[in-house]
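1. Predicted model follows, preceded by the sequence.
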Amino acid sequence: MSILNIDVYPASVLKKKTEKILEIDDSIRELAQDMLETMYQAPGVGLAAPQIGRSISLVVADTGEKDKPEPLVLINPEITAYEGRASITEGCLSVPDYTAEVSRHHKIVVKAYTIDEKEVELTLEDFPAIVLQHEIDHLQGILFIDRISRLKRSIYDRKFKKGTLTQS
């Protein structure tokens, strides 16, 4: 297991659509474990493969309690249904030092494969649904700052260019 480097905006890998994973082998299993370890160490509640420089369709998340973790590894996740709206203040390990309110679906259904090659369908609501939407966006080359108002985005871009936000 190892802690991986997290790419930050404006790294080009963060703007690319990912490739589907065609075979779940030991290298994918090891990568998923490294991603979980990296996410916990950061600390964060979700991490997508593009954030660690890999343009593949893999996300990890954990929206459980600190003393009761619930790690989730999803391969080739797709949102197949959604309903309702909810707004929450989001941040991102790849967009350090910035948070903004983002409108997302309140409830989603996600189809994906597990690390054990089982197809699953998950129905998620509230915070877990929002976390998964955020991570699945990464697989499409979308950052949460792409989902904020033009005014808020221009303020972010100005602060970024001035160097008042982390640019590591």
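-> Cool, got the structure.
2. now the strands: where do they sit in this structure?
-> 46-48, 58-62, 71-92, 95-113, 119-125 (DSSP state E).
3. the inter-axis angle of the lengthiest helix in the chain versus strand 58-62?
-> The residue-count maximum for a helix in the chain (DSSP state H) belongs to helix 26-41. Here the directions of helix 26-41 and strand 58-62 differ by 40 degrees (axes from the mean of the first three to the mean of the last three C-alpha atoms, to 10 degrees).
4. shaky segments in this protein?
-> 166-168 (pLDDT under 70).
5. And the longest helix of the chain, what does it pack against?
-> Applying 3 or more C-beta pairs under 8 Å, 6 or more residues apart in numbering; DSSP states H and E, one finds that helix 26-41 contacts strand 46-48, strand 58-62, strand 71-92. Yep, even glycine has a C-beta here, placed from its N, CA and C like the rest.
6. Roughly how far does Asp137 sit from Ala48?
-> Distance of Asp137 to Ala48, given as C-beta to C-beta, to the nearest Å: 8 Å.
7. Comparing those two, which residue is more hemmed in?
-> Shown here are Asp137 and Ala48; by other C-beta atoms under 10 Å, Ala48 has more neighbours (29 against 20).
8. And for that one, nearest residue in space, chain neighbours not counted?
-> Distance criterion C-beta to C-beta, 6 or more residues apart in numbering; nearest residue to Ala48, sequence neighbours excluded, is His138 at 3.4 Å.
9. which ones are touching the one you found?
-> Counting by C-beta atoms under 8 Å, 6 or more residues apart in numbering, His138 makes contact with 14, 48-51, 59, 94.
10. before we move on, what about Leu58?
-> Under the criterion of C-beta under 8 Å, 6+ apart, the neighbours of Leu58 are 21, 28, 31-32, 35, 48-49, 73-75.
11. And for Thr114?
-> Contact analysis of Thr114 by C-beta under 8 Å, 6+ apart lists 73-75, 120.
12. returning to what we had before: quick one: residues in contact with the longest helix of the chain.
-> So helix 26-41 is in contact with 1-4, 6, 21, 45-47, 49, 52, 54, 58, 60-62, 71, 73, 75, 93, 115, going by C-beta under 8 Å, 6+ apart.
13. Please compute how far it lies from its chain's middle.
-> Distance, stretch centre to chain centre, for helix 26-41: 14 Å (C-alpha atoms, centre = their mean, to the nearest Å).
14. Ok, stretch 141-158 next?
-> With C-alpha atoms, centre = their mean as the basis, stretch 141-158 stands 16 Å off its chain's centre.
15. swap in stretch 60-77?
-> Stretch 60-77 sits 11 Å away from the centroid of its parent chain (C-alpha atoms, centre = their mean).
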